[in-house]
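# give me a model of this one.
(one chain, ligands or ions: 2)
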Amino acid sequence: MLQFDNVSKSFGGVNAVDQCTFTIPSASITGLIGPNGAGKTTAFNIIAGHLFADTGRIVFDGQDVTRLPAWRRQHMGLSRTFQLPHEFSRMSVLDNLIVAAENRDGEHILNAIFRPGRGRTREQEARAMATRTLEFLEIGSLRDELAGNISGGQKKLLELGRALMQRPKLILLDEIGAGVNRTLLGKIADKILELNASEGYTFCLIEHDLDYVSRLCSQVNVMVQGRLLTTGTVADVRNDERVIDVYFGGGKYQEHA
Ligand SMILES: Nc1ncnc2c1ncn2[C@@H]1O[C@H](COP(=O)(O)OP(=O)(O)O)[C@@H](O)[C@H]1O
Ligand SMILES: [Mg+2]
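Ligands and ions are numbered 1, 2, ... in the order given. Down below sits the predicted model:
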């Protein structure tokens, strides 16, 4: 589904992503793990088109998207959630989803004014889909709440819902589990597994909790200091001396990576 091919990105003197290569297989749930500052979020930003790579190539669904803007990638089916939720806090939960669908179609809000018939149908469609999405995520009861008033965990579900509204092929989840209570965390995992199994959605997720990652991910890519350290199952990488060192040790490999 995605090739992240020899990509580098620096900010001033910091090589946030440094000749990094990994893949996200189609229909997989793949993890992207590594210590803080490893370059994971920067990699997601480059995949989504919110940042451009200095060098290297991004191939999504068979197409080179390296130079395409984020909205073009979105229309091709590439969707992401943010480490800090990006909800519109003064809008209802339902409207937050509807707006996410508008982004998908590249549909301008002016269409609703100048081409009212068309706009209305589209809005009805988006509304129906938003309602279904909220039901699926089991937050239907929150539909009329202001998004700013729901809990942090519920905002994470809303982020997932907003991503789903774009009918994506690949969803990038940046620490969707961070700061979420156990119960909700389990529910988010169930939904991800269900979407993967029944709809064939591909996921790539950044997460720190390795138990959580091992429940979801068939394969993980481990990043350290902007580079790919290794790839494997969670069990594989957990037993990898270099990974243990980076996470728990003195950082021998981190210094020399
Ligand atoms: N916009 C930016 N400007 C300058 N430095 C940045 C920026 N974004 C990230 N960095 C730096 O790049 C490195 C990787 O950051 P990040 O991708 O956020 O890591 P991770 O998500 O793995 O914790 C860090 O050293 C961070 O400080
Ligand atoms: Mg990050």
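# ok, and what's touching the helix or strand containing residue 194?
Per DSSP states H and E: residue 194 is located in helix 182-199. For helix 182-199, the external contacting residues (Cβ atoms under 8 Å, 6 or more residues apart in numbering) are 27-29, 136-138, 153-154, 156-157, 160, 164, 173, 176-177, 180, 201-203, 205, 212, 215-216. C-beta coordinates here come from the backbone N, C-alpha and C atoms, glycine included.
# now the residues you listed: which count as buried?
Among the contacts of helix 182-199, those buried by neighbour count (16 or more other Cβ atoms under 10 Å) are 28-29, 137, 153-154, 156-157, 160, 164, 173, 176-177, 180, 201-203, 205, 212, 215-216.
# of these, which belong to strands?
29, 173, 202-203, 205 (DSSP state E).
# could I get those residues as a markdown table with pLDDT and distance to ligand 1?
Below are those laid out as a markdown table (pLDDT from 0 to 100; distance: Cβ to the nearest ligand atom, whole Å):
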| residue | pLDDT | distance to ligand 1 |
| --- | --- | --- |
| 29 | 97 | 19 |
| 173 | 94 | 13 |
| 202 | 97 | 20 |
| 203 | 97 | 17 |
| 205 | 96 | 12 |
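# what would the residues you listed look like in TSV with distance to residue 38?
Below are these laid out as TSV (distance: Cβ to Cβ, whole Å):
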residue	distance to residue 38
29	20
173	16
202	22
203	19
205	15
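# out of those residues, which is nearest to residue 6?
For these, the minimum distance to residue 6 (Cβ to Cβ) is 21.4 Å, reached by residue 202.
# my read: the closest one touches residue 27, true?
Yes - applying Cβ atoms under 8 Å, one finds residue 202 in contact with residue 27, separated by 5.7 Å.
# show me where the stretch 1-150 of the chain has its helices.
Remark: helices assigned in the stretch 1-150 of the chain by DSSP state H, counting those that start in this stretch are 40-48, 70-75, 93-105, 110-114, 116-136.
# need the overlap of contacts for residue 202 and residue 27.
Common neighbours of residue 202 and residue 27 (Cβ under 8 Å, 6+ apart) are 1, 196.
# middle-most residue in this structure, spatially?
The residue lying closest to the centre of the chain (Cα atoms, centre = their mean) is residue 172, at 1.9 Å.
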